[in-house]
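Asker: have a look; sequence and predicted model below, questions after that.
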Amino acid sequence: MEMKKPDWFILIERWVPEGMGEFGVTLPFLVGALALKAGDTRLNSSHVRTLPEKIIASPVHGYVTEVSWCANIAAPVFNTKAIDSPERMRSPAGMAPPSGHEQSLVFGPNLLSHWCCTNPSVLFERLVEDATEHVSKGQYSRIRKPGTTEFEYGHFLPGEIAYITKMIMTPSQP
């Protein structure tokens with residue numbers, strides 16, 4: 001029997017297939033979506049830090065979670081790949097659970113070059129720091145600034161609320 005996948009994994013795994021974006025989902029979105037389900041409204045850096053720590057410590061068997069730089073929205077994004085996938089990222093910077101040999105969270109080469117860093121601990125801290133500013137303001141969604149080609153964080157859009165509801169809040173049918 002297959003174990004139920006955690007909510008964070010479902011949100012990442014289904015993002016592209018459900019037509020929500022081309023590459024992956026941001027950490028503020030993930031933290032905000034999980035908080036929406038839990039009914040949490042006051043979030044801080046500990047909420048942000050807990051999620052990637054959970055991704056590292058409790059990976060979904062057979063999968064790796066990748067963080068790469070998405071130039072389209074100028075932000076780091078998460079996606080998942082099967083460990084045996086030929087498309088899986090190869091990167092010198094990754095983090096493994098204390099009990100494991102395989103990396104469970106991998107920082108992609110384009111993120112390494114964007115942030116000019118290869119140290120996984122530093123990259124982890126940058127990721128948390130980058131997301132905390134927005135999460136603490138309740139800004140979870142990466143949206144286009146009106147009248148520009150630039151992006152900024154803002155409140156969830158109606159389609160994103162529908163995605164979150166469908167993916168992790170609506171009970172699945174047997």
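Answerer: Yep, that arrived.
Asker: can you tell me what sits against the helix or strand of the chain with the lowest mean pLDDT?
Answerer: Least confident helix or strand of the chain, by mean pLDDT, DSSP states H and E, is strand 94-95 with a mean of 90. Strand 94-95 is touched from outside by 56, 64, 103-107, 120, 124, with contacts defined as C-beta atoms under 8 Å, 6 or more residues apart in numbering. (Glycine included, C-beta is placed from N, CA and C.)
Asker: for stretch 123-137, same thing?
Answerer: Residues from elsewhere that reach stretch 123-137 (C-beta under 8 Å, 6+ apart): 26-28, 31-32, 43-45, 47-49, 52, 67, 75-76, 93, 95, 105, 107, 111-112, 115, 117, 140, 153.
Asker: now stretch 28-42
Answerer: 7-8, 11-12, 43, 47-48, 51, 78, 131, 134-135, 138-142, 153, 156, 160-161, 164, 168-169.
Asker: narrow the residues you listed to those in strands?
Answerer: Using DSSP state E, the subset of the contacts of stretch 28-42 located in strands is 78, 141-142, 153.
Asker: biggest helix in this structure, by residue count?
Answerer: Ranked by residue count and defined by DSSP state H, the top helix of the chain is helix 120-135.
Asker: each with direction, which strands does the least confident helix or strand of the chain pair with?
Answerer: strand 105-107 (antiparallel) (DSSP bridges).
Asker: tell me what the helix or strand that the strand it pairs with is followed by is packed against?
Answerer: Remark: after strand 105-107, the chain's next helix or strand is helix 109-115, criterion DSSP states H and E. Judged by 3 or more C-beta pairs under 8 Å, 6 or more residues apart in numbering; DSSP states H and E, the packing partners of helix 109-115 are strand 63-70, helix 120-135.
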